[in-house]
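>>> how would this look folded up:
(2 chains)
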Amino acid sequence: MSESLKPKDALPGIYGPDGRPTFFADPAMDRFASVILNMAQEMWVQDARISELETAAGKPAKSAAEREEQALAFVHRIFAPLREPR
Amino acid sequence: MIPQLNHEMRPTLNTEDMARGQFVSGLRSFILHDLAADMRYAYDNRAAADFASQHGHAPKDGAEVHKALRPDPAFKVYSALRVEAQRMVWNSVGPVVARELYKLNKAAEQVKDRPGQVKLAPGFEVPRNVSALDVHLMPGSYTRGGDTLEAGAVYDQGLAVFSMGLMGENLDDIGLSMARYISRKFRDFKPTAILDMGCTIGHNTLPWKQTYPQAKVTAIDAAGSVLLYGSARAKMLGQDVDFVQMSADALDFPDQSFDLVFSSMFLHEISNKTREKVFAEAYRVLKPGGLMLHMELPPNDQMSAFDGFYLDWDSWYNEEPFYKAFRDQDTRTICKAAGFGADDYLQFVVPSIGIYGADAIDDAIAHEESQKVDQSTTGRLAEGVQWFGFGAWKR
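Okay, here's the model as predicted:
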């Protein structure tokens, strides 16, 4: 995003040199967050492939809605440590 | 539930495609429900108090809530994940569209002779708010792929993943809810000519044609590529709508051409200066007795500081730089500035028809006084979403 199109009331320092938003004191942490998400997604893709193989081997197939529910539970499991302690 | 597109340009998804969509949808749900609740908790339990001890007062508007939260870990986690999840929405559908583009072209070709025209403007200069931004972090935004079906297909499929099922089977919940509200609240209002401005793929245009089938419906957008897709999509869904490439701030229509001038989620994507022209143009092309109606994010002056901040987050971090400037405006004042009478202004909050059902909209009309703008569900894409509408009648 060019400088002229950035929101006028943006706080100083919220974008990195590439114009992308940054959130952590160390910019490497922002990039690392992306890596973690990508890895989790790839893990879910592998889960789907295994599930497909299991179905081919005779296990009952899951509906799209069931798989979505499982994906949500997977996300909750993986990212639970990010929740705010209460 | 991720909706499967309900037309012939629906892609054939393999196991991997479906898994990517499921993951992103689940991730967004986790962020928008759980991490958003955590951020609110952090604000209430430490960030607001820290801000107050430094500044001598509690955060009084969304900008100050932003300042208060910016150093907080709950904000950092929510925001970093939300930005990345947004990128993943587009990354999960982009390769599918690239792979299926030939099939989409073929499907569009097969319906080209059905009723409804698409008119692109050769040499049209797409404004910078469209061409120079990756709006919603969508690479290439609405002009991705030039004059092909790519931008529209990525947007349509991306919206299906993005919306987590909250925008309806045809991603038209906003249009359906708004059209239901207007047709039930103003039963004598029977528009015969309807204009939708900034329509993208026309997903919220089609409900107007369904609600007023006798009306001639025209949908415009500055980006030609989304119109090509939108026109084919409308034909596949059996709706006769014209799609025309045009800027909403320079309408190529005679005075008093339309009974209803509508937009959805459009005004926050243009600058204040352009918005003034858009309102003036809407006023010009409306017939006396006509209605200008916009579905939008609710204005900041009608929301709490935190809820205002929550929506304005997109302005800073989702490549929608005009979003907050729009929400900082007084909607009644901008209508009046365009020539509408102060007494002819209207605004309302309408329950999502997909979540609450059509009867809930009738109930909302009957008990309008209970439909406050300042609710955490107004305009927020989460369970229980309600849509904000405003506009004015032309005398």
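>>> Flag every residue of the stretch 151-300 of chain B that's near chain A.
Residues of the stretch 151-300 of chain B lying close to chain A by C-beta under 8 Å from any C-beta of the partner chain: none are found. C-beta here means a position set from N, CA and C on the backbone, and glycine is covered the same way.
>>> Show me where the stretch 151-300 of chain B dips below the pLDDT cut-off.
For the stretch 151-300 of chain B, applying pLDDT under 70 flags no range at all.
>>> try 90
Scanning the stretch 151-300 of chain B for pLDDT under 90 picks out B:164-166, B:168-169.
>>> Would you map the strands across chain B?
For chain B, the strands defined by DSSP state E occupy B:118-119, B:193-197, B:216-221, B:241-245, B:258-264, B:286-296, B:345-351, B:386-393.
>>> which helices and strands does the fourth one pack with?
With contacts defined as 3 or more C-beta pairs under 8 Å, 6 or more residues apart in numbering or on different chains; DSSP states H and E, the secondary structure elements packing on strand B:241-245 are strand B:118-119, strand B:216-221, helix B:224-236.
>>> how much space between the closest residue in space to B:Gly384 that isn't next to it in sequence and B:Val385?
Of all residues not flanking B:Gly384 in the chain, B:Thr377 sits nearest, at 4.4 Å (C-beta to C-beta, 6 or more residues apart in numbering or on different chains). Computed as C-beta to C-beta, to the nearest Å, the B:Thr377 to B:Val385 distance reads 6 Å.
>>> same check, this time on B:Asp61
On the measure of C-beta to C-beta, B:Asp61 and B:Val385 end up 23 Å apart.
>>> next one: B:Ile194
24 Å.
>>> where does the stretch 1-150 of chain B have low pLDDT?
Judged by pLDDT under 90, the stretches of the stretch 1-150 of chain B that qualify are B:1-6, B:129-131, B:147.
>>> Tell me which stretches of it form helices.
B:15-29, B:36-42, B:48-55, B:62-69, B:73-110, B:128-131, B:150-162 (DSSP state H, counting those that start in this stretch).
>>> Need the pLDDT of the residue nearest to the spatial centre of chain A.
In chain A, the residue lying closest to the centroid (C-alpha atoms, centre = their mean) is A:Leu37, at 3.6 Å. pLDDT, A:Leu37: 98.
>>> neighbours of the residue nearest to it when sequence neighbours are not counted, just the number please.
In space, and not counting its chain neighbours, A:Leu37 is closest to B:Glu84: 5.0 Å by C-beta to C-beta, 6+ apart. Using other C-beta atoms under 10 Å in any protein chain shown as the criterion, B:Glu84 is surrounded by 22 other residues.
>>> residue contacts, the residue nearest to B:Ser247 when sequence neighbours are not counted?
Sequence neighbours aside, B:Ala222 is the residue nearest to B:Ser247 in space, at 5.1 Å (criterion: C-beta to C-beta, 6+ apart). B:Ala222 makes contact with B:124, B:126-127, B:130, B:142, B:198, B:245-248 under the criterion C-beta atoms under 8 Å, 6 or more residues apart in numbering or on different chains.
>>> so where do the helices sit in chain A?
For chain A, the helices defined by DSSP state H cover A:27-56, A:64-79.
>>> Which stretch among those helices is buried most, on average?
helix A:64-79 (a mean of 17; mean count of other C-beta atoms under 10 Å in any protein chain shown).
>>> can it be found next to chain B?
Yes: against chain B, helix A:64-79 shows contacts by C-beta under 8 Å from any C-beta at A:64-65, A:67-68, A:71-72, A:74-76, A:79.
>>> Please convert those residues to JSON lines, extending it with pLDDT.
Listed next are those as JSON lines, based on pLDDT from 0 to 100:
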{"residue": "A:Ala64", "pLDDT": "90"}
{"residue": "A:Ala65", "pLDDT": "91"}
{"residue": "A:Arg67", "pLDDT": "95"}
{"residue": "A:Glu68", "pLDDT": "94"}
{"residue": "A:Ala71", "pLDDT": "97"}
{"residue": "A:Leu72", "pLDDT": "96"}
{"residue": "A:Phe74", "pLDDT": "98"}
{"residue": "A:Val75", "pLDDT": "98"}
{"residue": "A:His76", "pLDDT": "98"}
{"residue": "A:Phe79", "pLDDT": "98"}
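>>> Show me which of those is closest to B:Tyr229.
A:Ala64 (24.3 Å; C-beta to C-beta).
>>> That closest one - nearest residue in space that isn't next to it in sequence?
Per C-beta to C-beta, 6+ apart, closest to A:Ala64 is B:Met18, 7.2 Å.
>>> Please tell me how far that neighbour sits from B:Ile2.
8 Å.
>>> can you check A:Lys62 too?
Look at A:Lys62 and B:Ile2: by C-beta to C-beta, they are 14 Å apart.
>>> So between these two, which is more surrounded?
Remark: of A:Lys62 and B:Ile2, B:Ile2 carries more neighbours, 21 against 16, as counted by other C-beta under 10 Å.
>>> wait, doesn't that one sit right on B:Leu166?
No: look at B:Ile2 against B:Leu166 with C-beta atoms under 8 Å: they stay out of range, at 10.8 Å.
>>> Show the contacting residues for B:Pro207.
Here B:Pro207 is in contact with B:172, B:175-176, B:178-179 (C-beta under 8 Å, 6+ apart).
>>> From those, which land in helices?
Short answer: the contacts of B:Pro207 in helices (DSSP H) are B:175-176, B:178-179.
>>> quick one, phi/psi of the residue located most distally from the centre of chain A?
Distance from the centre of chain A peaks at A:Gly58, with 31.5 Å (C-alpha atoms, centre = their mean). When read as degrees, to the nearest 10, the backbone of A:Gly58 gives phi 110, psi 0.
>>> out of B:Thr377 and B:Val385, which sits in the more crowded spot?
B:Val385 (21 against 17).
>>> Which residue, other than its chain neighbours, is closest to that one?
Nearest residue to B:Val385, sequence neighbours excluded (C-beta to C-beta, 6+ apart): B:Ser352, at 5.0 Å.
>>> related to what we said a few turns ago, can you tell me which of the strands of chain B comes nearest to B:Leu149?
The nearest among the strands of chain B, by C-beta to C-beta, is strand B:118-119 at 11.4 Å.
>>> circling back to that earlier point, only whichever of the contacts of B:Ala222 are buried, select them in PyMOL.
The following PyMOL line selects those of the contacts of B:Ala222 that are buried, judged by 16 or more other C-beta atoms under 10 Å in any protein chain shown:
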select buried, chain B and resi 126+127+130+142+198+245+246+247+248
